[in-house]
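J.: I would like the atomic coordinates for the input below:
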Amino acid sequence: MRFVLFHLLFFFFRRSFIMPLPPHTVIEYASQLKAADHISVPTELYSGAFRHHAIVGAPMGGNVFEVIHARPGEKGGDLNSSGSSDNYVVAEDMIDYSNQIRDRTLHRYDYAPDQCYKPFDVLQRAKSKLGPFAFNAVTNNCEHFAQWCKNRK
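T.: The predicted structure is shown next:
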């Protein structure tokens with residue numbers, strides 16, 4: 001119960017007070033994505049109320065993309081009572097987004113050019129964090145990671 005309450009409070013707090021996201025585009029075709037784009041898809045948690053964020057590393061053909069993202073490691077990502085986990089990693093994975101494109105649930109965040117790093121720098125920043133990730137549901141999650149890659153100091 002504490003886990004559910006924690007996530008609901010985080011969801012409403014984040015939406016109200018912190019981390020504004022730029023406008024997004026609903027992706028209808030794989031060709032709308034390019035390397036260094038910040039994307040998100042609904043998660044399984046709470047019927048998609050949360051979104052998982054990633055940086056596109058490279059298109060691999062069709063609807064498959066290499067992405068760089070913060071995700072649970074091999075042992076899973078169970079959170080402790082403070083919303084943290086020491087078993088998260090930043091990883092490069094190949095993901096087929098066919099279902100999300102078909103269902104129109106894949107979003108690309110549209111940063112103004114003067115509000116973000118150049119694509120090469122975004123990818124360098126993302127790759128510099130490969131490995132263990134100090135996950136915290138409130139202060140350091142996949143969305144924070146993707147935003148940091150795009151435009152955070």
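
J.: Report the separation between the spatially most central residue of the chain and residue 61.
T.: The centre of the chain sits closest to residue 53, judged by Cα atoms, centre = their mean, with a distance of 1.3 Å. Between residue 53 and residue 61 the computed distance is 23 Å (Cβ to Cβ, to the nearest Å). Placement of C-beta: from N, CA and C, glycine included.

J.: How about residue 90?
T.: 24 Å.

J.: more neighbours, those two?
T.: Using other Cβ atoms under 10 Å as the criterion, residue 90 and residue 61 rank with residue 90 on top: 21 against 7.

J.: one step back: let me know whether the residue nearest to the centre of the chain touches residue 148 as I believe.
T.: No. Look at residue 53 against residue 148 with Cβ atoms under 8 Å: they stay out of range, at 10.6 Å.

J.: Tell me where this protein has helices.
T.: For the chain, the helices defined by DSSP state H occupy 2-17, 98-102, 119-128, 142-151.

J.: if you average pLDDT over each of the ones you listed, which comes out lowest?
T.: Of all those, mean pLDDT reaches its minimum on helix 2-17 (a mean of 46).

J.: Helix or strand with the lowest mean pLDDT in the protein?
T.: helix 2-17 (a mean of 46; mean pLDDT, DSSP states H and E).

J.: which residues touch residue 73?
T.: Contacts for residue 73 (Cβ atoms under 8 Å, 6 or more residues apart in numbering) come out as 87, 88, 89, 132.

J.: Please report the distance of residue 110 from residue 44.
T.: 26 Å.

J.: what about the two, which has more around it?
T.: Remark: of residue 110 and residue 44, residue 110 carries more neighbours, 14 against 8, as counted by other Cβ under 10 Å.

J.: mind checking pLDDT for that one?
T.: pLDDT at residue 110 comes out at 97.
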